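A.B. asks: okay, here's the prediction I keep looking at, along with the sequence it came from:
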Amino acid sequence: MAIKGSLKEASLPDVLQLLSMGKKTGCLSVTHRSNFGYIYFDKGRIAYASIVNRRDRLGDILVKSNIITQDQLEDAIAFQAKVRDKRLGEILLERNAITREDLHRHIRMQIEEAVYFLFTWTAGTFNFEPDILPEEQDLLVSINPESLLLEGARRIDEWSLIEKKIPSFDVVFDLDRERLGGSEATLTPEQDQLVPLIDGRRDVTALIDASGMGEFNVGKALYGLQTAGFLHRVGKSKSAAAAAAPDGKIEEHRNLGIAFYKTGMLEEALREFRRVLELREGDARAQFYVGLAYSRQGKWPEAAEIFRAAADQPGARGAVFHNLAFALERLGRFEEARSELEEAMLRGGSDDPRMHTSLGVLTLRLGSAAGADEILTAARPLWGKRPPSAAWFHYAALAAALTSDVVRSIALLVEGTGHHPHSAALFNNLAAAQERHGDQQDAVVSAERGAHEDSGIPQLHKNIGDYFYRASQYDEALESYQRAVKLNPSLGEDIFLKLGNIRLRRRETEEAIRCWERALELDPGNAIIRTNLSAVRGAA
């Protein structure tokens, strides 16, 4: 269940404490004006955190800690510009510039600093979406939120004082060097680092970037210098911001859009990508993400249209055609989907197991279980050392079952649930395969495990009910069937027929009649239901 609210009503530390105590897993996103940050949780512990459009200071932290040199950092950043899907830490690891232990220690510092900075936001909104995980390339940590709350509370108290002298980050300061030179004041290490950078032109944001220190440390250093009378304000940098290059504005909206998309805030993501398209018509990357957002909303005609526009761009990547194929498949346009998928493979996707999985699914939908089985089996080695996706296991097992190889289907699903223990759909399929094979007890265990992972799948509750019904455990069957129809009142006439039978056994005749009437609505030609109704009404 999502948790939403205003930071004026519930402070961020309070929200963190709530998620920690509840051992929640998911993403907490925080929005304040044009600022956006997010914190990922794994069973109540912080796994990752970041703030959008805030310069990634990992490199600066590593240089300041004498882990790497400035030259190494600049070379890594230059290389990163060419391969945008790689994190700076990954690049430095590959170049043996740092050890994994050093990287994880400083990643933890970076994440803690992001959380501390979010603590200073006293206005805005928060939104927690369960079960959303960070991207695979994010280096994760495991931090108890309670360990950050005391330091966070201290910083909040200090920040309320700092804000009185530094109300915004666009303030520009100049330094009274003559007065500072004639003073006997002892500067802190942070102030020593900052003094050479204060030139009457850089605003606070620029000082943060140039120094490599976090917002809090820079703010605290400036507060001390101004309180001592060594600083004076010379204005704001708004005019420079107004003249910023359109590319910078586009990148800002794009970064926000990607962050909103990753955290499940799809309408907000669409808003940001539409702004990108307003500033740069036909921007292929923005079109791609708009298509992804439409797909997640189930708006398949809109998704197909925008992916088609992106595919028509010169040099469109295979991923665009892959997603276009998926949208067309959902619209039932299978032959068109196959054509686009073949184009995706020609554009660099020939070794992509996900595309081969999609081809197997299309082949299955086109009616060839044997062809799908062959394609999906051939796709398995393409995953390499990684376990295949839950979708691959789902369709590979389905293809095996449809070719009458139920034993192999069960083996695939057992392996799949081992790799994806939170996939309720795989447990549901495993239960169905085990039941078909005659393993009734195993089937109910698998179904109950699936319902535990996701209690919102009606078919799982129906499967459990069917097991209890066959075992003549009618009270348990009734309970499971009721859960199923509450989630989906149109699940099928079969469940209402059995509900009617159970009600009649309990001498609840009126309830039995209501259940059978509902079953007849769903299947007007069912002779068994009509016979039951006639017999009960005649007896009444």
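C.D. replies: Thanks, I have the structure now. Numbers count the residues shown, from 1 in each chain.
A.B. asks: could I get the contacting residues of the nearest residue in space to residue 32 that is not next to it in sequence?
C.D. replies: Distances taken as Cβ to Cβ, 6 or more residues apart in numbering place residue 124 nearest to residue 32, at 3.2 Å, with adjacent residues excluded. C-betas here are computed from N, CA, C, even on glycine. Residues in contact with residue 124, defined by Cβ atoms under 8 Å, 6 or more residues apart in numbering, are 6-7, 30-33, 35.
A.B. asks: for residue 520, state which of those is nearest.
C.D. replies: Among those, residue 6 lies closest to residue 520 (Cβ to Cβ), at 49.7 Å.
A.B. asks: can you tell me how far that closest one is from residue 250?
C.D. replies: Using Cβ to Cβ, to the nearest Å, residue 6 is found at 30 Å from residue 250.
A.B. asks: these two: who's more crowded?
C.D. replies: Neighbours were counted for residue 6 and for residue 250 using other Cβ atoms under 10 Å; residue 250 has more, 19 against 10.
A.B. asks: could I get the contacting residues of that one?
C.D. replies: Applying Cβ under 8 Å, 6+ apart, we find residue 250 in contact with 276, 279-280, 283.
A.B. asks: make a ChimeraX selection of the buried ones in the contacts of residue 124.
C.D. replies: Remark: buried members of the contacts of residue 124, expressed as a ChimeraX selection using 16 or more other Cβ atoms under 10 Å:
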select :7,30,31,32,35
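A.B. asks: which of the contacts of residue 124 scores worst on pLDDT?
C.D. replies: Least confident of these in the model: residue 33, at 69.
A.B. asks: wait, doesn't residue 372 sit right on residue 392?
C.D. replies: No: the pair residue 372 / residue 392 is not scored as a contact, 11.6 Å apart, by Cβ atoms under 8 Å.
A.B. asks: the closest residue to residue 499 other than its chain neighbours: what secondary structure?
C.D. replies: Nearest non-adjacent residue to residue 499, counting by Cβ to Cβ, 6+ apart: residue 515, 4.3 Å away. Assigned with DSSP: H, G, I helix; E, B strand; the rest coil, residue 515 falls in the helix class.
A.B. asks: do residue 351 as well
C.D. replies: Using three-state DSSP, the secondary structure recorded for residue 351 is coil.
A.B. asks: skipping adjacent residues, who's closest to it in space?
C.D. replies: The nearest residue in space to residue 351 (Cβ to Cβ, 6+ apart) is residue 382, at 6.0 Å.
A.B. asks: cool, residue 254 as well?
C.D. replies: Sequence neighbours aside, residue 276 is the residue nearest to residue 254 in space, at 5.4 Å (criterion: Cβ to Cβ, 6+ apart).
A.B. asks: quick one: contacts for that neighbour?
C.D. replies: 250, 253-254, 257, 283, 286.
A.B. asks: possible to save these as TSV with pLDDT, distance to residue 11 and secondary structure?
C.D. replies: Formatted as TSV, these follow (pLDDT from 0 to 100; distance: Cβ to Cβ, whole Å; DSSP: H, G, I helix; E, B strand; the rest coil):
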residue	pLDDT	distance to residue 11	secondary structure
250	84	34	helix
253	86	29	helix
254	86	31	helix
257	88	28	helix
283	88	38	coil
286	92	35	helix
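A.B. asks: flag the shaky bits of the stretch 151-300 of the chain, pLDDT-wise.
C.D. replies: Applying pLDDT under 70 to the stretch 151-300 of the chain flags residues 238-247.
A.B. asks: show me where it has helices.
C.D. replies: Secondary structure of the stretch 151-300 of the chain by DSSP state H, counting those that start in this stretch: the helices cover 177-181, 189-194, 204-211, 215-227, 238-242, 246-262, 266-279, 284-296, 300-311.
A.B. asks: show me the one of the ones you listed that comes nearest residue 73.
C.D. replies: helix 204-211 (13.4 Å).
A.B. asks: what helix or strand does the nearest residue to residue 474 once chain neighbours are set aside sit in?
C.D. replies: Spatial nearest neighbour of residue 474, chain neighbours left out: residue 502 (5.0 Å); criterion: Cβ to Cβ, 6+ apart. Element membership of residue 502 [criterion: DSSP states H and E] is helix 493-505.
A.B. asks: residues in contact with that helix: which ones?
C.D. replies: Contacts with helix 493-505, where a contact means Cβ under 8 Å, 6+ apart, come from 462, 465-466, 469, 474, 477-478, 481-482, 484-485, 509, 511-513, 515-516, 518-520, 522-523, 526, 528-529, 532, 536.
A.B. asks: buried residues in that helix, which are they?
C.D. replies: Going by neighbour count (16+ other Cβ under 10 Å), the buried part of helix 493-505 is 493, 495-504.
A.B. asks: closest one to residue 151 out of the contacts of residue 250, please.
C.D. replies: Nearest to residue 151 among the contacts of residue 250: residue 276, at 37.2 Å, using Cβ to Cβ.
A.B. asks: and the closest one, how far is that from residue 287?
C.D. replies: From residue 276 to residue 287 the distance is 9 Å (Cβ to Cβ).
A.B. asks: list residues touching both of these two?
C.D. replies: Shared contacts of residue 276 and residue 287, defined by Cβ under 8 Å, 6+ apart, are absent.
A.B. asks: how about the CA coordinates for the helix holding residue 502, as CSV?
C.D. replies: Presented in CSV, the C-alpha positions along helix 493-505 are these (Å, rounded to 0.1, in the frame of the first residue of the first chain):
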residue,chain,number,x,y,z
GLU,A,493,-19.0,-19.5,-13.1
ASP,A,494,-17.1,-22.5,-11.7
ILE,A,495,-16.3,-20.7,-8.4
PHE,A,496,-19.9,-19.5,-7.9
LEU,A,497,-21.2,-23.0,-8.7
LYS,A,498,-19.0,-24.4,-5.9
LEU,A,499,-19.9,-21.6,-3.6
GLY,A,500,-23.6,-22.5,-4.2
ASN,A,501,-22.9,-26.1,-3.4
ILE,A,502,-21.1,-25.2,-0.2
ARG,A,503,-23.9,-22.9,0.9
LEU,A,504,-26.5,-25.6,0.2
ARG,A,505,-24.5,-28.1,2.4
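A.B. asks: just give me the neighbour total for residue 512.
C.D. replies: Neighbour count for residue 512, taken as other Cβ under 10 Å: 21.
A.B. asks: and what of residue 129?
C.D. replies: 17.
A.B. asks: same deal with residue 462?
C.D. replies: For residue 462, the neighbour count with other Cβ under 10 Å is 26.
A.B. asks: now do residue 483
C.D. replies: Neighbours of residue 483 (other Cβ under 10 Å): 18.
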